[in-house]
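S.K.: Predicted model, plus sequence, below.
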Amino acid sequence: MVLHARTDTIDTIFALSSGAGRAGVAVIRLSGSQSLPVLCALLGRDTPPRARVAVYAPIADPQSGERLDDAIALYFAGPASFTGEDVVELHVHGGRAVIEGVLDCLARQPGLRLAEPGEYSRRAFQNGKMDLTEAEGIADLIDAETAAQRRQAVRQMAGELGQLYEDWRLRLMRALAHIEADIDFPDEDLPDGIVAVLRSDLQRIANEIAGHLADNRRGERLREGFQIVILGAPNAGKSSLLNRLARRDAAIVSDIAGTTRDAIEIHLDLGGFPVTMVDTAGLRETGDAIETEGVRRATERAENADLRLVVIDRADWPRIDGEAARLIDRNTVILINKADQVDDGITASPSHDQSAGLVWSGVDAAGAVLELPVLAISAMTGAGMESLLQLLESRVKEGLDFAGPVPLTRMRHRRALEQALSHLHRGLGTDIAELAAEDIRLAVREIGKITGRVDVEDLLDIIFGDFCIGK
Ligand SMILES: Nc1nc2c(c(=O)[nH]1)N(C=O)[C@@H](CNc1ccc(C(=O)N[C@@H](CCC(=O)O)C(=O)O)cc1)CN2
Ligand SMILES: Nc1nc2c(ncn2[C@@H]2O[C@H](COP(=O)(O)OP(=O)(O)OP(=O)(O)O)[C@@H](O)[C@H]2O)c(=O)[nH]1
Ligand SMILES: [Mg+2]
């Protein structure tokens, strides 16, 4: 079934903007021309409350007169509101029946309907309150689960990313204007040297865009979470390790080889950075069709991971073979598990620094020599866990931390910038002014799509459809 968002801005929309379920207080928002009349009806008064001044008063069903709650009501007069339209907020007691009663009552008021996901933000965008990157920043802020994700989203919501793209767009438009002037008034020669200046301007913008694109996907990975995949032979203790990191029984552990079949994910916050940790089926050849599918999934997850943890039973150390050996690369850490078992020289790594001596040497699938860090741990007793967490945190920080300029955060932006860059390169490669102008025009257009300055009507359903209701 395809759901088409209703974007009729004549409707007044309403929705629960706070989280679903029982809570102390819940916020229900209305936006549109009927917001204020409906508020007056709920309050049972003719004179509207003053804008931006909270009113504490009973609200009642205008038709039946039944009292629904004692609420706090807030009115924002458009255009000075979040959406740019008249906005009303009802802060009610957060009981399920209160919320349902108020929402039911609102649904019965003429001209009102329930908002689509993201419809408040969409209206804010359409009324010029924010550009698309800022709206996407709000969505990311709501989804942010760690401090680093929050910081990135706040910067984007505040317009930093939009400004960067808008700056490129305006500089390109300036260059375009010069070239067009030259095309339109060929007799009035451009001052000597201007072509060279334009060319170096365009080249500089192209370089800036290329630099922004070549960021190792830090910003996108910060949104998505850093992926760490645990792999190794059956019974090595992968699921035991996952459970210890999760501090709960997320995966089944048993002494039967081949216990885990599906990939099991947990989410961790390591020093403010989001991590998805994946436990996988033990890698081996087997006649069991389900386990074979599990091994296929394990391999696939490992191939796409940002970091691989290869777990080996201390009895097998230092032998790593088969599929696990093929998956080893420089983004791999070797864990010798079961260090609690009889001492044969391998004891759990006491701290990250002190264990720095232990190294696994080998070659990756392409034949390159690798020296990988090795930690001895015990998933059973928890020994070595502190060192492991330290190591993981530093790897995650390396991969995601971004102190410099705002990073690229979305595939949508990346695609548009790649397009813009290829137009620019083509424009730089021609001496024919008309062709260069057309290429720059196309580049300007691509960048304009990111902030929503040009033809994005068809994109809006997709972008705002990802928001939650009430946002
Ligand atoms: N109760 C409540 N809290 C909330 C929100 C909300 O809608 N309601 N927000 C929802 O996201 C966020 C705050 N965002 C807001 C953004 C703009 C305006 C606003 O009234 N803008 C006007 C006036 C600007 C001004 O006074 O400086 C405008 O842009 O013209 C209000 C909230 C977070 N907290
Ligand atoms: N002594 C000891 N036993 C462990 C340790 N870690 C795991 N085990 C035991 O090893 C067996 C296998 O553990 P699992 O965590 O299920 O191993 P796995 O790698 O997930 O195995 P598969 O899912 O079959 O691939 C279980 O009996 C665990 O209790 C450890 O650090 N020390
Ligand atoms: Mg397992």
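M.R.: Arrived safely, thanks for sending. None of the values given here were measured: they were computed from a predicted structure. Ligands and ions are numbered 1, 2, ... in the order given.

S.K.: check whether the worst-scoring helix or strand of the chain on mean pLDDT contacts ligand 1.
M.R.: The helix or strand of the chain with the poorest confidence is helix 457-465; it has a mean of 79 (mean pLDDT, DSSP states H and E). No. For helix 457-465, no contact with ligand 1 is found by Cβ under 6 Å from any ligand atom; the gap never falls below 13.9 Å. Every C-beta, even on glycine, is put in place using the N, C-alpha and C of the backbone.

S.K.: Flag every buried residue along that helix.
M.R.: Within helix 457-465, the residues scored as buried using 16 or more other Cβ atoms under 10 Å are 460-461, 463-464.

S.K.: Now render those as JSON lines, adding distance to residue 262.
M.R.: Shown next, in JSON lines, are those (distance: Cβ to Cβ, whole Å):
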{"residue": "460", "distance to residue 262": "36"}
{"residue": "461", "distance to residue 262": "33"}
{"residue": "463", "distance to residue 262": "32"}
{"residue": "464", "distance to residue 262": "33"}
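
S.K.: and of those residues, the nearest to ligand 1?
M.R.: residue 464 (13.9 Å; Cβ to the nearest ligand atom).

S.K.: show me where pLDDT drops low in the stretch 201-350 of the chain?
M.R.: For the stretch 201-350 of the chain, the stretches flagged by pLDDT under 70 are 342-350.

S.K.: need the helices for it, in chain order.
M.R.: Ranges of helices within the stretch 201-350 of the chain are 218-224, 238-246, 289-303, 322-327, based on DSSP state H, counting those that start in this stretch.

S.K.: My guess is residue 369 contacts residue 363. True?
M.R.: Yes. Residue 369 lies in contact with residue 363 (Cβ atoms under 8 Å); the separation is 5.8 Å.

S.K.: Tell me which of these two has more neighbours.
M.R.: Using other Cβ atoms under 10 Å as the criterion, residue 369 and residue 363 rank with residue 363 on top: 11 against 8.

S.K.: Contacts only, for the more buried one.
M.R.: Going by Cβ atoms under 8 Å, 6 or more residues apart in numbering, residue 363 touches 369-370.

S.K.: Look up how far ligand 2 lies from the nearest residue to residue 434 once chain neighbours are set aside.
M.R.: Among residues not flanking residue 434 along the chain, residue 183 sits closest, at 6.1 Å (Cβ to Cβ, 6 or more residues apart in numbering). According to Cβ to the nearest ligand atom, to the nearest Å, residue 183 and ligand 2 sit 67 Å apart.

S.K.: Could you verify that residue 183 is part of a helix?
M.R.: Yes. Assigned with DSSP: H, G, I helix; E, B strand; the rest coil, residue 183 falls within a helix.

S.K.: Do I have it right that it meets residue 435?
M.R.: No. Residue 183 is not in contact with residue 435 according to Cβ under 8 Å; the separation is 10.6 Å.

S.K.: So residue 283 sits against residue 299, correct?
M.R.: Yes. Counting by Cβ under 8 Å, residue 283 touches residue 299, with 7.4 Å between them.

S.K.: quick one: which of those two has more around it?
M.R.: Between residue 283 and residue 299, counted using other Cβ under 10 Å, the more crowded position is residue 283 (25 against 19).

S.K.: so what's the one residue in the stretch 51-200 of the chain that gets nearest to ligand 2 up against?
M.R.: Using Cβ to the nearest ligand atom, residue 145 is the residue of the stretch 51-200 of the chain that sits closest to ligand 2, at 26.0 Å. Residue 145 is in contact with 267, 269, 274, counting by Cβ under 8 Å, 6+ apart.

S.K.: Understood, closing this out.
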